[in-house]
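K.L.:
I'd like to go over a predicted model; first the sequence, then the structure.
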Amino acid sequence: MSKAAAITVASHSRGGSPSTGLLASIVDASEDAIYGEALDGSIISWNHAAEDMYGYTAEEILGRPISLIIPAGHEKEMPALLERIGTRKRVEHYETERLRKDGTSLPVSLSVSPIHDSQGKVIGAASIARDIGERWNAEREAHLREASTGLLASIVDSSEDAIISKSLNGVITSWNPGAEAMYGYTAAEAIGKPITLVIPSGHDDEARTILERIRLGQRIEHYETERIRKDGTILPVSLSVSPIRDSAGVAIGAASIARDNTAQKQAAHYARSLIEASLDPLVTISAEGKITDVNEAAVKVTGLQREALIGTDFSDYFTEPDKARAGYEMAFSKGSVTDYALTIRHRGGRMTAVLYNASVYRDAAGGVLGVFAAARDVTAQKTAEMEIAERRTKELDRLDELERFQRLTVGRELKMIELKKEISELRAHLPETSAESL
C-alpha cells in the first residue's frame, strides 16, 4: 500500500481501531513530510517529518493556509493541484519548491492524492513531500561540471597555444589544434608518441627533469626553451606545465601550454640590435646601484667585458664615484636626470667626459625595476672648448701686449710734441742770434 493510500484509509477510519493506530504510526514514523489540506487550502494534518522539514510545529501550522509554505512565484500551483484532486486525479513526483519557516527555499518531490469521506466524496488532499535538495545539488554540480568541461574543451580547442597532456612516462595523451599548427603533427600522428617527438637535441634531459618536478606536484611557469617542428625547424617557446591529478589528488600526468616566442625573440633581437648600434654607452642600474646590463659602447669606454661589468657598482667607473652615486639616486627619487656631467675612467687610464641622461623603467604593473642611463661622449666638445679657451687666452694676452705698446708709443709721441712746442716757444722769446744757435 502506498503512503498516499494509507492516508486515504486513515481518513476513512472510525474510532481507535488497530488499523487507524497502525496508519497513524506509519505517518508519524515517515521521513517524508506528510500533511493534509482541505479543499479551501487550509492545513488539517501535519506529521513529525513535516515539522522537521518546514520548521513549523503542528500547533503552529494546523488551520493555517497551505500558502504559508509556498514561495513567491508558485502561488498558482496549489489551486491547480487541488483542482486536479477534485476530479479524483492523483499527482505523482511533481518537482517544485517549498518554503521553510526560516525563509529558505527547499526543493521537493511532491505526490498528492485525494482524501474521500465515507460516501466517496473528495473533501481534501494528502501530500507527501520528499526533500530532493541533495539530488538537485548533485545534478546541478554535474551540469556545472559538464558545462565547465565543455567550456574548457572549447577553450583548449580554440587556443592558439599548443596545449598537450602526457602521462608521467612522457607519452602524449592529448594534442589540441594549436599544437597541430605549431608543431606540424596531427593529433593522430602525435598521440601515443613520446614527448621527445618535439624536443630537439641538446634538450634531452629536459623532459625527464620536468616530469620529475610534476611527480612532486610542482608547477613550471614561463620556462623559455626550444621545440622542434615536424619539418625540423627549431621554435623558441615559453612553456608552462602543471600536474594532472586524480580524485585523490595524486599526480598522474602533466598538462603543458607552449607559446610561440618567435615574434618576441625577433622583437627582442631587433631592440638589442638598436641598443648595440648606439655609439653612446648605455647601462641599466638596479635600485642597489648594481649594473644589470650594458651595450658594446659601454664595454669600449671602460675597457671591461660585459660579464665583468654586470653585478658591479655603477659608480666604480668614474673619477668621482660619490657624484656618480648621487646621480643615479637622483634618477630613482625624481624619475630622471638630464645632462649630468661625469668622467668615465678606462681601465687603461684614458678619461672620457660624458653627460648622462637617465630615467627609471618599470614593469607592466608600474613598479620601478631600475634606471636606464645613456652617456653622451663630450670629450671632443670639451677639447674644442679648451682649444677655444686657450686661443682666447692667447688673443687676450696679445691684445694686452699691443695695448701696452700703444700706450708706450702714444706716450713717446706726446712727449715729442711737447718738446717741439717747448723749443718753438723758446725760439720765439730768445734774441735772434741766440735762437739760431738752438
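P.N.:
Looks like it arrived, so ask away. Numbers count the residues shown, from 1 in each chain.
K.L.:
can you tell me which helix in the chain is longest?
P.N.:
helix 379-429 (DSSP state H).
K.L.:
Would you mind pulling up the elements that that helix packs against?
P.N.:
strand 351-362, helix 432-437 (3 or more C-beta pairs under 8 Å, 6 or more residues apart in numbering; DSSP states H and E). From N, CA and C alone the C-beta is placed, and that goes for glycine too.
K.L.:
For Ser247, which three-state class applies?
P.N.:
Three-state secondary structure (criterion: DSSP: H, G, I helix; E, B strand; the rest coil) places Ser247 in coil.
K.L.:
and it, how many neighbours?
P.N.:
A count of nearby residues for Ser247, using other C-beta atoms under 10 Å, gives 5.
K.L.:
swap in Thr57?
P.N.:
Other residues close to Thr57 by other C-beta under 10 Å number 13.
K.L.:
Not counting its neighbours along the chain, what's nearest it?
P.N.:
Glu51 (5.5 Å; C-beta to C-beta, 6 or more residues apart in numbering).
K.L.:
ok, the one you found to Ile257 distance?
P.N.:
55 Å (C-beta to C-beta, to the nearest Å).
K.L.:
Please apply the same query to Gly133.
P.N.:
In terms of C-beta to C-beta, Gly133 sits 39 Å off from Ile257.
K.L.:
quick one: which of those two has more around it?
P.N.:
Neighbours were counted for Gly133 and for Ile257 using other C-beta under 10 Å; Ile257 has more, 20 against 12.
K.L.:
Okay, buried residues for the host helix or strand of that one please.
P.N.:
Under the criterion of DSSP states H and E, Ile257 resides in strand 251-260. Buried residues in strand 251-260, counted by 16 or more other C-beta atoms under 10 Å: Ala251, Gly253, Ala254, Ala255, Ser256, Ile257, Ala258, Arg259, Asp260.
K.L.:
Send over it as CSV, restricted to the C-alpha atoms.
P.N.:
The C-alpha coordinates for strand 251-260 follow below in CSV (Å, rounded to 0.1, in the frame of the first residue of the first chain):
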residue,chain,number,x,y,z
ALA,A,251,49.7,13.5,-10.0
ILE,A,252,49.0,11.1,-12.8
GLY,A,253,50.2,13.2,-15.8
ALA,A,254,51.2,16.6,-17.0
ALA,A,255,49.4,19.4,-19.0
SER,A,256,51.7,21.8,-20.8
ILE,A,257,51.0,25.1,-22.6
ALA,A,258,53.6,26.2,-25.1
ARG,A,259,53.5,29.7,-26.6
ASP,A,260,55.4,30.5,-29.8
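K.L.:
Now do the buried residues in whichever helix or strand comes after that strand.
P.N.:
As assigned by DSSP H and E, the chain's next helix or strand after strand 251-260 is helix 262-277. Buried residues in helix 262-277, defined by neighbour count with 16+ other C-beta under 10 Å: none.
K.L.:
likewise stretch 119-132?
P.N.:
Within stretch 119-132, judged by 16+ other C-beta under 10 Å, the buried ones are Gly124, Ala125, Ala126, Ser127, Ile128, Ala129, Arg130, Asp131, Ile132.
K.L.:
Contacts for stretch 56-76, please.
P.N.:
With contact meaning C-beta atoms under 8 Å, 6 or more residues apart in numbering, stretch 56-76 is reached by 35, 37, 41-46, 50-51, 54, 77-78, 96-101, 105.
K.L.:
Take the residues you listed and keep only those in strands.
P.N.:
Among the contacts of stretch 56-76, the members falling in strands are Tyr35, Glu37, Ile43, Ile44, Ser45, Trp46, Thr96, Glu97, Arg98, Leu99, Ser105 (criterion: DSSP state E).
K.L.:
Any idea how many residues pack against the third one?
P.N.:
Yep, that's Ile43 we're talking about. Count around Ile43 with other C-beta under 10 Å applied: 22.
K.L.:
isn't Asp117 right up against Leu39?
P.N.:
No. Taking contacts as C-beta atoms under 8 Å, Asp117 lies outside contact range of Leu39: 11.5 Å.
K.L.:
just for the stretch 101-250 of the chain, where's the confidence low?
P.N.:
Applying pLDDT under 70 to the stretch 101-250 of the chain flags residues 140-154.
K.L.:
coming back round to it: which of the helices and strands packed on helix 379-429 has the lowest mean pLDDT?
P.N.:
The weakest mean pLDDT among the helices and strands packed on helix 379-429 belongs to helix 432-437, with a mean of 53.
K.L.:
Which elements pack onto the helix or strand where Ala331 lies?
P.N.:
Ala331 belongs to helix 321-334 when assigned by DSSP H and E. Helix 321-334 sits against strand 336-345, strand 351-362, strand 368-377, with contacts defined as 3+ C-beta pairs under 8 Å, 6+ apart.
K.L.:
ok now it, how far from the chain's centre?
P.N.:
32 Å (C-alpha atoms, centre = their mean, to the nearest Å).
K.L.:
before we move on, what about stretch 167-186?
P.N.:
With C-alpha atoms, centre = their mean, you get 27 Å for stretch 167-186.
K.L.:
which residues touch it?
P.N.:
156-166, 187, 190-198, 207-208, 211, 214-215, 227-231, 235, 251-254, 258, 260.
K.L.:
among those residues, which ones are buried?
P.N.:
156, 161-166, 190-191, 195-196, 198, 207, 211, 214, 227-228, 235, 251, 253-254, 258, 260.
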